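> Got a predicted structure here, sequence first:
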Amino acid sequence: AEHDATVLVAEDDEHVATLVCEMLRELGYKSRRGATATEILRMLEESGPFDLVLSDMIMPGKMNGLELAQEIVRREPGLPVVLMTGYSDAAVSVRTKGFPLLVKPYTIESLGQVLYHALRSTHRHAQSGSL
């Protein structure tokens, strides 16, 4: 795989998660998945390191995707977070928070583009050297 990055997918819908992980694999990424914010934060602590977190906006439990993203940035400032939503009105509020956003349904091309830019925009890519 050209990137060999590992993406942590926060998605509670089994069907959607399967599709997303399938697209990630085709794009050359490894992926792990959690269904709730609590599970995702635990995986970040115990099963990392991850290169990027891809989170749905609407999550079961106390914390939504945006709150999860903000918590991840607080804990790991260099870790890029990409949000996805099926609701275009939610999209507007997210853009102001500065997280990249994918509006579902999205194509594998747009997923690839967003991840590529998100991974390159953090300070980590400087270490890898190769493009």
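Done, it's in.

> I'd assumed Leu79 was in contact with Val73.
Yes - assessed by CB atoms under 8 Å, Val73 is found in contact with Leu79 at 7.3 Å. C-beta: built from backbone N, CA, C; applies to glycine.

> What segments of this protein are strands?
Along the chain, counting by DSSP state E, strands occupy 6-10, 30-34, 52-56, 81-85, 101-103.

> can I get the ones you listed in TSV with distance to Tyr116, mean pLDDT and mean neighbour count?
Output for those, formatted as TSV (distance: least, CB to CB, whole Å; pLDDT from 0 to 100; neighbours: other CB atoms under 10 Å):
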stretch	distance to Tyr116	mean pLDDT	mean neighbour count
strand 6-10	12	97	23
strand 30-34	15	97	19
strand 52-56	10	96	25
strand 81-85	11	93	23
strand 101-103	13	89	19
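
> Any chance of those strands in CSV with distance to Leu119 as columns?
Listed next are these as CSV, based on distance: least, CB to CB, whole Å:
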stretch, distance to Leu119
strand 6-10, 9
strand 30-34, 13
strand 52-56, 6
strand 81-85, 10
strand 101-103, 14
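
> between those strands, which gets nearest to Val20?
Val20 lies closest to strand 6-10 among the strands of the chain, at 5.6 Å (CB to CB).

> Mind exporting the C-alpha coordinates of the closest one to CSV?
Below are the C-alpha coordinates for strand 6-10, written out as CSV (Å, rounded to 0.1, in the frame of the first residue of the first chain):
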residue,chain,number,x,y,z
THR,A,6,-4.0,2.9,9.8
VAL,A,7,-7.4,4.6,10.1
LEU,A,8,-9.6,4.3,13.2
VAL,A,9,-13.2,4.3,12.0
ALA,A,10,-15.9,5.5,14.5
